[in-house]
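Novice: Below are the sequence and a predicted model; questions follow.
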Amino acid sequence: MAATLAAGCSTDTIVGQATVAADSFAPSADNHDPSLQISGVVVTEIKPGQPHVLPTQRVAYPSIPPVGGPHDSQWAACTGVVYSKALRSENAVHSLEHGAVWIAYNPAKVSPQDQATLSAKVTDRQYTLMSPIPDMEHPISLQSWGHQLTLDSATDERIDQFIVALRENPYTTPEVGATCSSPLFDRNDPPPYDPTPAGPDAVPMDGAR
């Protein structure tokens, strides 16, 4: 795992769901991964084509929230869904494989007002999802496939930069064009997050059984 750090952009007035400054972080043929310019982003190399696990299986993810690896065959709906309950990690990781950005937050460390600020960045926005993770180390954590950014503030300009850089990024998304619609996934009562250690029977990150 290697952290890539660079200077951020200056604060700008929020326009819609992103800032004017964040627009400059859009990926292009000349700049496949603009998130490398965002201070604090940690990039982990995770190979595409990761195996699926059963709904009863867990994966030995090295971090919570995870940023990739083996995952459930059913992805969490990521059509701008704000979940009120913590999600099973294996479902959320599949959403990342499709190009989604996942905003996770610790409800004990993020006020209702700041939760609403985060929610406004996700609601009805394709290829995004948001959910709480109780007892998460950092107040806020953003994930895309192989990328993570932890934050203390819901008004940090890097949130918009991260979303613009990595949401549906065709150069970093393993399954470009895969849908975020998931009609069979229960948005109101999703498979629950398990806070206990994965245990010796967990599927390893290399997918070996």
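Specialist: Alright, I've got the coordinates.

Novice: now the helices: where do they sit in this protein?
Specialist: Along the chain, counting by DSSP state H, helices occupy 89-97, 112-120, 158-166.

Novice: number of nearby residues for S39?
Specialist: 14 (other CB atoms under 10 Å). In this view, the C-beta of every residue, glycine as well, is placed from N, C-alpha and C.

Novice: Need the helices of the chain in a markdown table (columns: mean neighbour count, distance to I140 and mean pLDDT).
Specialist: A markdown table is the format used below for these (neighbours: other CB atoms under 10 Å; distance: least, CB to CB, whole Å; pLDDT from 0 to 100):
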| stretch | mean neighbour count | distance to I140 | mean pLDDT |
| --- | --- | --- | --- |
| helix 89-97 | 27 | 15 | 98 |
| helix 112-120 | 14 | 7 | 98 |
| helix 158-166 | 25 | 8 | 97 |
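
Novice: and G80, which of these is closest to it?
Specialist: Checking the helices of the chain against G80 by CB to CB gives helix 112-120 as the closest, at 9.8 Å.

Novice: which residues sit against that closest one?
Specialist: 17, 82, 103, 105, 107, 110, 130, 140, 153-155, 159 (CB atoms under 8 Å, 6 or more residues apart in numbering).

Novice: 10 Å instead, please
Specialist: Residues outside helix 112-120 that contact it (CB atoms under 10 Å, 6 or more residues apart in numbering) are 14, 16-17, 80, 82, 103-105, 107, 110-111, 123, 130, 132, 139-140, 142, 151, 153-155, 159.

Novice: I would like a ChimeraX command selecting only the buried ones among those, please.
Specialist: The ChimeraX selection below is limited to those of the contacts of helix 112-120 classed as buried (16 or more other CB atoms under 10 Å):
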select :14,17,80,82,103,104,105,107,110,130,132,139,140,142,151,154,159
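
Novice: circling back to that earlier point, minimum distance to N188: which of the helices of the chain has it?
Specialist: helix 89-97 (14.3 Å).

Novice: Between helix 158-166 and that closest one, find me the angle.
Specialist: Relative orientation of helix 89-97 and helix 158-166, computed by axes from the mean of the first three to the mean of the last three CA atoms, to 10 degrees: 60 degrees.

Novice: which secondary structure elements does helix 89-97 contact?
Specialist: Packing contacts for helix 89-97, counted by 3 or more CB pairs under 10 Å, 6 or more residues apart in numbering; DSSP states H and E, involve strand 52-53, strand 71-72, strand 101-105, strand 128-132, strand 140-144.
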